[in-house]
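1. what shape does this take:
(chains A and B)
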Amino acid sequence: MRTLSEMNAGELCVVKSINADGELKQRLFSFGLRRGSHLQVKATSIAKSTIEIEIGTTLLALRYEEAQRIGVENV
Amino acid sequence: MKELVIALVGQPNVGKSMLINSIANARLHVGNFSGVTVEKAEVSFVFHEHAIKIIDLPGTYSLNDYTQDEKVTKDFLENEHYDLIMNVVDATNLERNLFLTNQLLELDKKMIVALNMMDEAHKEGICIDHEQLSSILGVPCIKVSAATKRGIGKLINRTIDISHFPHEKAKLIYSDVVEEEIENLSSFLQEKNYKSDFSYREISVRLLKEEPKMYQKMHDEPIWIVMLPRIRDALNHLYLHYDTKDSAEIFAEENAAFAKGAVIETVSHKKSISRSVTEKIDALLIHKFFGIPIFIILMWALFQLTFTLGSIPMDWIDAFFVSLGNYAKTIFGNGELGSMIADGAISGVGAVIMFLPNIVILFLGIALLETTGYMARVAFLLDGFFHRFGLHGKSFIPLVTGFGCSVPAYMSARTLKNNKDRLITLFIIGFMSCGAKLPVYVLFAGAFFGKESAGNVLFLIYISGAFIGLFAAKFLKLFVFKGADEPFVMEMPKYRLPSLKLIWHTVVTKAIMYLRKAGTFILGASLLVWFASNYPKYPSIEAEYAQKIAMAQTNAEKVHLQNEQAKILLEKSYLGVVGKSTDVLFEPIGFDWKMTIAIESGLAAKEVVVSTLGVLYALGSNVDEQNESLLSEISKQIPLASAVSFIIFVMFYLPCMAASIVFAKETGSYKYLGYLVIFTTAISWGLAFIGYRITLLL
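-> Predicted coordinates:
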């Protein structure tokens, strides 16, 4: 399985697993990021230190380290 | 008349503050960046003979303890008194907003939902069946637009209506799997005829949610022994079905499914929009390579604007205070009272009001960055960079605010969730030169580098201060505040045109705050400095010089004698005594006693540094950083190396009294203020020493 951190701008994928603990997980949930959600990678900053994704109508910025915790599959 | 207390709750960037502004015309700080309304803001007003109080709670994505803001909101909703919740949701982003709405419904309070930004939703072709939504949620939903003020009256009317009717419990329906387990547990409690203040359903739900409080309560009941296996079975069933052992995750999924269902049933898109404006703007502003240069250009433009545009009204203000000072002397005479008012009060406060235009332009720029949504993009662009220094992309906001004033900067650091990240940010905010330090820089840059290059020197001062702050942050991260990083998960709000009224309110509030400081702290400090520099009196010296001056042959000699007299009197004044007794500490970095005094008086407020220098170097004349005579006096009397050392010291030493107190409050302990004193003094003295020695060698 690939992680979100491996994705490039423009790729569409579906979330397969979230390897995070309590608070961070709750945070991701409140943004609509959970198992089964579809998302698109919109942009990455230099050296992929941050990644912008779109889930539903929400634009979300994640750091590379957090993106590594999210397992995804291409759709 | 009983006051109706409304708790205003919503996710960040849903236009909560703008809504409060449309309702009550209140002065509130509003931003597009998550969590600008950190403080609990209240507004009281009367509407059709009803007293209403609205409490604006910090924006929160869900009722968690993720950030301090969210904790504030959660604690308030759970523990404080209020009559009803007004939940503001962004109609263009309903599904995510309903996630919070659902959690609010669980609090079991009277509630009304304001579907805000309907004007935008219309433009995007979104239709919401608000009546259907009301019946699904079990609370009234009202369409409003804070920007166009539509539906505001209806919203308040319905709110008042609800407050008159008894509260009806909202019934949250879960998925069949969860409902089945709730039914199992409830029917068991029914069978046992268990006596409780809570409904059987509520007990069952809370047990399934694995709430520690409910477990503690039930643990002491005789029923517990027989009930335990049933709970275990129910939970295991849910774990299996949801493929997770985290009940929080299960209920979050339930919550999300409910929100999704509600949206499917009530929202329809009339037309599909091709590519939104936000995407188009983002393609440029967060471009991998152009993004950062664009940001730097914008910041540079803001600084240039601050100084060039700001200097125009400065001249007018300058002229005004000169004539005011002269006028005061004609009224109060040239004696001690006249001197106190003109040389002490008016010149001191005038020097401060002088750079009000700069402050206003800078705050206007920062408010624009915040309300348009650009700040979040900047955090996205810069996190990679900031993270390397042990900071967070969000640290950017407090740090940039620090260029305006340290006080709001310290307060805005609350958006940082991790305590260590927040402390590091708080410690280096002072290195981002605040607006009050500007007059010192303008004065010294003007005196030593000429008018043409002054702008560049200023830019250099600001940039190098910021960089040294970053290295200090890295040092703190490596040696003092070690530990795990805060996760970086941040919404990028849609770009929105700022409401002019809100920007106006923000800037006016800042300007008033600044002027209030000028009227109190700085007026007091100016008078103190004036007194300390004029007393005690030495009539014998004065008489001696009066005689010498009378006997002087040429005008030049007279002026020379007058200056000599002023200098001797100053050296013998209280101020001179204090400065001379402490200047040994500053001698290695090239300060004379006058500079020492200016620095020390700057502890009260940074604006005082310039007014003190004015009193000390050009006694009797009106004083500000644009003042030609002070400019020339300073370039004559202070060697270049000492001036460089002085600038460096001002860049890094302890923030003003007001800011220091806020710092102590935000860090939660005066212990940290002690550390800040040591930290800033060590860095400022050390760097000033290096700067002084290097300039001497050049």
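
2. for the residue of chain B found nearest chain A, identify the helix or strand it belongs to.
-> Relative to chain A, the nearest point of chain B is residue B:384 (2.6 Å; CB to the nearest CB). No exception for glycine: its C-beta is placed from N, CA and C like everyone else's. Residue B:384 is part of helix B:374-388 when elements are defined by DSSP states H and E.

3. flag every buried residue along that helix.
-> Applying a neighbour-count criterion of 16 or more other CB atoms under 10 Å in any protein chain shown, one finds B:374-387 buried in helix B:374-388.

4. other SSEs contacting it?
-> Packed against helix B:374-388, as judged by 3 or more CB pairs under 8 Å, 6 or more residues apart in numbering or on different chains; DSSP states H and E, are the following elements: strand A:50-55, strand A:58-63, helix B:277-285, helix B:291-332, helix B:396-404, strand B:489-491.

5. could I get these in TSV, plus columns for distance to residue B:176?
-> Below are the helices and strands packed on helix B:374-388 laid out as TSV (distance: least, CB to CB, whole Å):
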stretch	distance to residue B:176
strand A:50-55	26
strand A:58-63	28
helix B:277-285	38
helix B:291-332	48
helix B:396-404	45
strand B:489-491	32
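
6. now tabulate those in a markdown table and tack on mean pLDDT.
-> Listed next are the helices and strands packed on helix B:374-388 as a markdown table, based on pLDDT from 0 to 100:
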| stretch | mean pLDDT |
| --- | --- |
| strand A:50-55 | 92 |
| strand A:58-63 | 91 |
| helix B:277-285 | 85 |
| helix B:291-332 | 82 |
| helix B:396-404 | 81 |
| strand B:489-491 | 86 |
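
7. redo those as TSV? Include mean neighbour count.
-> TSV is the format used below for the helices and strands packed on helix B:374-388 (neighbours: other CB atoms under 10 Å in any protein chain shown):
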stretch	mean neighbour count
strand A:50-55	22
strand A:58-63	24
helix B:277-285	15
helix B:291-332	15
helix B:396-404	25
strand B:489-491	23
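
8. what residues does chain A put near chain B?
-> Proximity of chain A to chain B (CB under 8 Å from any CB of the partner chain) is limited to residues A:20, A:22-32, A:34-35, A:42-47, A:49-50, A:52, A:56-63, A:65-66.

9. only whichever of those are buried, select them in PyMOL.
-> Restricted to buried positions by 16+ other CB under 10 Å, the PyMOL selection for the residues of chain A next to chain B reads:
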select buried, chain A and resi 20+23+24+25+26+27+28+29+30+31+32+34+35+42+43+44+45+49+50+52+56+57+58+59+60+61+62+63+66
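
10. can you give me the strands in chain B?
-> Remark: strands assigned in chain B by DSSP state E are B:4-10, B:41-47, B:50-56, B:84-90, B:110-116, B:126-128, B:141-143, B:267-269, B:489-491.

11. repeat that for chain A.
-> Going by DSSP E, chain A shows strands at A:2-3, A:12-18, A:38-44, A:50-55, A:58-63, A:70-74.

12. quick revisit: would you single out the least confident of the strands of chain B?
-> Mean pLDDT values for those show the minimum at strand B:41-47, a mean of 80.

13. now do the contacts for residue 18.
-> You didn't say which chain, so I picked chain A. Counting by CB atoms under 8 Å, 6 or more residues apart in numbering or on different chains, residue A:18 makes contact with A:25, A:28, A:33-35, A:69-71.

14. my question was about chain B
-> Taking CB under 8 Å, 6+ apart as the test, what residue B:18 contacts is B:30, B:146-147, B:499, B:502.

15. ranking the residues you listed by neighbours, who comes first?
-> Counting neighbours by other CB atoms under 10 Å in any protein chain shown, residue B:146 leads these with 27 neighbours.

16. phi, psi for that one please.
-> In terms of degrees, to the nearest 10, the main-chain angles of residue B:146 are phi -70, psi -30.

17. can you check residue B:432 too?
-> Per-residue torsions, residue B:432: phi -80, psi 110 (degrees, to the nearest 10).

18. retrieve the pLDDT associated with it.
-> Looking at residue B:432, the pLDDT reads 92.

19. skipping its backbone neighbours, what lies nearest it in space?
-> Excluding the flanking residues, the one nearest residue B:432 by CB to CB, 6 or more residues apart in numbering or on different chains is residue B:402, at 3.4 Å.

20. so that neighbour versus residue B:70, what's the distance?
-> For residue B:402, the distance to residue B:70 equals 24 Å [CB to CB, to the nearest Å].

21. repeat that for residue B:356.
-> Per CB to CB, residue B:356 is found 36 Å from residue B:70.

22. could you chop chain B up by domain?
-> B:4-164, B:176-269, B:291-480 (automatic domain parsing).

23. pick out the residue of chain A closest to chain B.
-> Closest point on chain A to chain B, by CB to the nearest CB, is residue A:49, at 2.6 Å.

24. what sits against that residue?
-> Going by CB under 8 Å, 6+ apart, the list of residues near residue A:49 reads A:63-64, B:383-385, B:387.

25. returning to what we had before: let me know which of the helices and strands packed on helix B:374-388 is the nearest to residue B:631.
-> helix B:291-332 (12.4 Å; CB to CB).

26. the closest one vs helix B:277-285, what angle?
-> For helix B:291-332 against helix B:277-285, the angle by axes from the mean of the first three to the mean of the last three CA atoms, to 10 degrees is 90 degrees.

27. near chain A at all, helix B:291-332?
-> Yes. Helix B:291-332 lies within reach of chain A by CB under 8 Å from any CB, at B:291-292.

28. so that helix versus helix B:396-404, what angle?
-> 30 degrees.

29. how about a markdown table for the strands of chain B, with distance to residue B:16 added?
-> Formatted as a markdown table, the strands of chain B follow (distance: least, CB to CB, whole Å):
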| stretch | distance to residue B:16 |
| --- | --- |
| strand B:4-10 | 5 |
| strand B:41-47 | 10 |
| strand B:50-56 | 6 |
| strand B:84-90 | 5 |
| strand B:110-116 | 8 |
| strand B:126-128 | 19 |
| strand B:141-143 | 15 |
| strand B:267-269 | 21 |
| strand B:489-491 | 14 |
